[in-house]
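Engineer: Structure for the following, please:
(one chain, ligands or ions: 2)
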Amino acid sequence: MFWDKETETLERSALEALQLQRLQATVRRVARKVPLYQQRFAEAGLKPGHIRSLADVRRLPFTTSADLRATYPTGMVAVAAGELLRLHTSSGTTGKPKALFFSRTDVDNAAGLMARCLTMSGITRRDVLQNMMTYGLFTGALVMHYGAEKVGCLVIPAGPGNSERQLLLMQDFRTTAVHVTPSYALYFADFLEKHGIDPRKDLALRKAFVGAEPYTEETRCKIEQALGIDVYNSYGLSEMNGPGVAFECVHKNGMHLWEDNFLLEIIDPQTGAPLPDGQPGELVLTTLCREAMPLLRYRTRDITSVIPGRCRCGRTHRRLHRITGRSDDMLILRGVNIYPQQIERVLMSLPQVGRNYLIELEGLDEMIIKVELAKAGFDGQVGHLVQLQAQISDRLRMELLVKPKVELVAPGSLPVSEGKAKRVIDHRTL
Ligand code: ADP
Ligand code: ZN
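Structural biologist: Ligands and ions are numbered 1, 2, ... in the order given. Sure thing, here's the model as predicted:
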């Protein structure tokens, strides 16, 4: 049940002492090696010796994705070229890619954290893990792959897409767990249904590790019910190794963030002020163990909160609430702030709604939401469709305070992406 019990259950005071020691070492390292931090420290009159307590982290400058782009390709590297072992780039959902470097220690650490995550959700060497994330420059698949190998399970590097082949692999090699995006998991559930496969009877599948894009609790339930499995939320970002930063234990009540490797802060995204546990804000992370590319106070843009209190599993590392969106995901429609997650929550709570949707913004400020019907959700009576359409737009109006136009479309008719889902298309002429 534990991969590294001693570290995972460290008492708070010991954990914080370890964090401080690692923070100080990281600050000393970047002050010696990284020109961007040298310049920022000089501007602020800051010396590594000024960091005497964990609270002093607030004296350090933030790092943003714009900084990573400005220093592309190697400006943030803190080791000699011969020490670099691997390059990843971020998948570039929000612009041009960022280059992320790993040393040998970084590769090992990332795999070790992933092994902790998998063990925490009950994976053992007897499991068969089908990795349905994109292999390549993106961290998602490789970091999971190395972590699962460390645990000792049989890893199938399937990559995404080609559902026929996925199914064949699952049947022939008795796959027990998959690593997948929420959008592809839903699509795959549809695919099984279409082919008359009952996952509860015909497959050995028990668990899915789902992440890489925001999704709601309602979507988790949908995937769990459709596939008859447990879905564990998995959070990570390339700047912090990729997956394995925060993960759910068997209790599925928030994601333990590995605080011996990352120093976490939640801040008000507008003012930068720190927020207490329980309050939602932007997640800011400082790497504590990274050699090749240490980052101070990295602005993830992800909105979450720390769940107060201890988890029943005994781990002392604090838990993050499900990410409710990115601060740069927010849509502004007729002056109202809207997160796509709010729309998803409403849609996925309705049994008549299928597994895919698309938000389109048009004209001056119109929102059109295309919603796939569930297969069993339509009895062929047009009157019922009109009723459902009205029900969805009413619920959305209550949630969003603006009334979008809702279009119901046939199951399986909206585009599906193999990697991260593109849920919002903005054609506005504003
Ligand atoms: P990019 O920023 O180009 O998408 P990444 O591939 O590193 O690059 O993606 C990391 C981002 O994916 C995170 O910052 C977060 O927004 C999103 N993400 C990853 N896992 C989850 C998750 N479990 N829930 C919500 N969002 C997630
Ligand atoms: Zn736990």
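Engineer: can we go C-alpha only for contacts and neighbour counts from here?
Structural biologist: Fine.
Engineer: mean confidence score for stretch 119-138?
Structural biologist: Taken as a whole, stretch 119-138 has a mean pLDDT of 96.
Engineer: max-length helix in this structure?
Structural biologist: Secondary structure assigned by DSSP state H gives helix 12-33 as the longest helix of the chain.
Engineer: Only alpha carbons, please: show the following helix or strand past it as PDB.
Structural biologist: Next helix or strand after helix 12-33 toward the C-terminus (DSSP states H and E): helix 35-44. Extracted in PDB, the C-alpha atoms of helix 35-44 (Å, rounded to 0.1, in the frame of the first residue of the first chain):
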ATOM      1  CA  PRO A  35      20.800  33.800 -15.600                       C
ATOM      2  CA  LEU A  36      17.100  34.600 -15.400                       C
ATOM      3  CA  TYR A  37      17.100  34.000 -11.600                       C
ATOM      4  CA  GLN A  38      20.400  35.800 -11.200                       C
ATOM      5  CA  GLN A  39      18.900  38.900 -12.800                       C
ATOM      6  CA  ARG A  40      15.700  38.700 -10.800                       C
ATOM      7  CA  PHE A  41      17.600  38.100  -7.500                       C
ATOM      8  CA  ALA A  42      19.800  41.100  -8.300                       C
ATOM      9  CA  GLU A  43      16.800  43.300  -9.000                       C
ATOM     10  CA  ALA A  44      15.200  42.400  -5.700                       C
END
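Engineer: Contacts only, for the residue lying closest to residue 31 once chain neighbours are set aside.
Structural biologist: In space, and not counting its chain neighbours, residue 31 is closest to residue 38: 5.3 Å by C-alpha to C-alpha, 6 or more residues apart in numbering. Taking C-alpha atoms under 8 Å, 6 or more residues apart in numbering, we find residue 38 in contact with 30-32.
Engineer: ok, back up a step: buried sites along the longest helix of the chain?
Structural biologist: Buried residues in helix 12-33, defined by neighbour count with 16 or more other C-alpha atoms under 10 Å: 15-16, 18-20, 22-24, 26-27, 29-31, 33.
Engineer: Mind putting those residues into CSV with pLDDT and distance to ligand 1?
Structural biologist: Output for the buried residues of helix 12-33, formatted as CSV (pLDDT from 0 to 100; distance: C-alpha to the nearest ligand atom, whole Å):
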residue, pLDDT, distance to ligand 1
15, 98, 24
16, 98, 25
18, 98, 26
19, 98, 22
20, 98, 25
22, 98, 23
23, 98, 22
24, 98, 25
26, 98, 22
27, 98, 23
29, 98, 24
30, 98, 22
31, 98, 25
33, 98, 24
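Engineer: Those into JSON lines, with extra columns for distance to ligand 2?
Structural biologist: Converted to JSON lines, the buried residues of helix 12-33 look like this (distance: C-alpha to the ion, whole Å):
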{"residue": "15", "distance to ligand 2": "16"}
{"residue": "16", "distance to ligand 2": "19"}
{"residue": "18", "distance to ligand 2": "21"}
{"residue": "19", "distance to ligand 2": "20"}
{"residue": "20", "distance to ligand 2": "24"}
{"residue": "22", "distance to ligand 2": "24"}
{"residue": "23", "distance to ligand 2": "25"}
{"residue": "24", "distance to ligand 2": "28"}
{"residue": "26", "distance to ligand 2": "28"}
{"residue": "27", "distance to ligand 2": "30"}
{"residue": "29", "distance to ligand 2": "33"}
{"residue": "30", "distance to ligand 2": "33"}
{"residue": "31", "distance to ligand 2": "36"}
{"residue": "33", "distance to ligand 2": "37"}
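Engineer: what sits against residue 191?
Structural biologist: residue 163.
Engineer: Which positions in whatever helix or strand it lives in come out as buried?
Structural biologist: Assessed by DSSP H and E, residue 191 sits inside helix 182-194. With burial defined by 16+ other C-alpha under 10 Å, the residues of helix 182-194 counted as buried are 182-192.
Engineer: roughly how far is that helix from the heart of the chain?
Structural biologist: When distances are taken as C-alpha atoms, centre = their mean, to the nearest Å, helix 182-194 is centred 19 Å away from the chain's centroid.
Engineer: which intervals of this structure have sub-threshold pLDDT?
Structural biologist: 91-96, 377-378, 429-430 (pLDDT under 70).
Engineer: Spell out which residues of it are next to ligand 1.
Structural biologist: 90-94, 211-214, 233-238, 242, 300, 302, 323, 326 (C-alpha under 6 Å from any ligand atom).
Engineer: So how do I select the buried members of those residues in PyMOL?
Structural biologist: In PyMOL, this line selects whichever of the residues of the chain next to ligand 1 come out buried by 16+ other C-alpha under 10 Å:
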select buried, resi 90+91+211+212+213+214+233+234+235+236+237+238+242+300+302+323+326
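Engineer: Pull up the residues of the stretch 101-250 of the chain that are close to ligand 2.
Structural biologist: By C-alpha under 5 Å from the ion, the part of the stretch 101-250 of the chain that sits against ligand 2 consists of residue 249.
Engineer: What are the boundaries of the strands in the stretch 101-250 of the chain?
Structural biologist: In the stretch 101-250 of the chain, the strands defined using DSSP state E, counting those that start in this stretch lie at 128-131, 154-156, 177-180, 207-211, 230-237, 242-248.
Engineer: would CSV of these with distance to residue 394 be doable?
Structural biologist: Conversion of the strands of the stretch 101-250 of the chain to CSV gives the following (distance: least, C-alpha to C-alpha, whole Å):
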stretch, distance to residue 394
strand 128-131, 39
strand 154-156, 45
strand 177-180, 32
strand 207-211, 30
strand 230-237, 30
strand 242-248, 34
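Engineer: Nearest to residue 422, out of those strands?
Structural biologist: Closest approach to residue 422 among these (C-alpha to C-alpha): strand 207-211, 14.5 Å.
Engineer: outside of the closest one, which residues touch it?
Structural biologist: For strand 207-211, using C-alpha under 8 Å, 6+ apart, the contacting residues are 176-182, 229-236.
Engineer: and if we set it to 6 Å?
Structural biologist: 177-182, 229-235 (C-alpha atoms under 6 Å, 6 or more residues apart in numbering).
Engineer: Tell me which two of those residues sit farthest apart.
Structural biologist: Of all pairs in those, the most separated under C-alpha to C-alpha is 229 and 235 at 19.0 Å.
Engineer: what's residue 58 sitting at in phi/psi?
Structural biologist: phi -70, psi -10 (degrees, to the nearest 10).
Engineer: whoops, I mixed them up, residue 375
Structural biologist: Per degrees, to the nearest 10, the backbone of residue 375 is at phi -60, psi -40.
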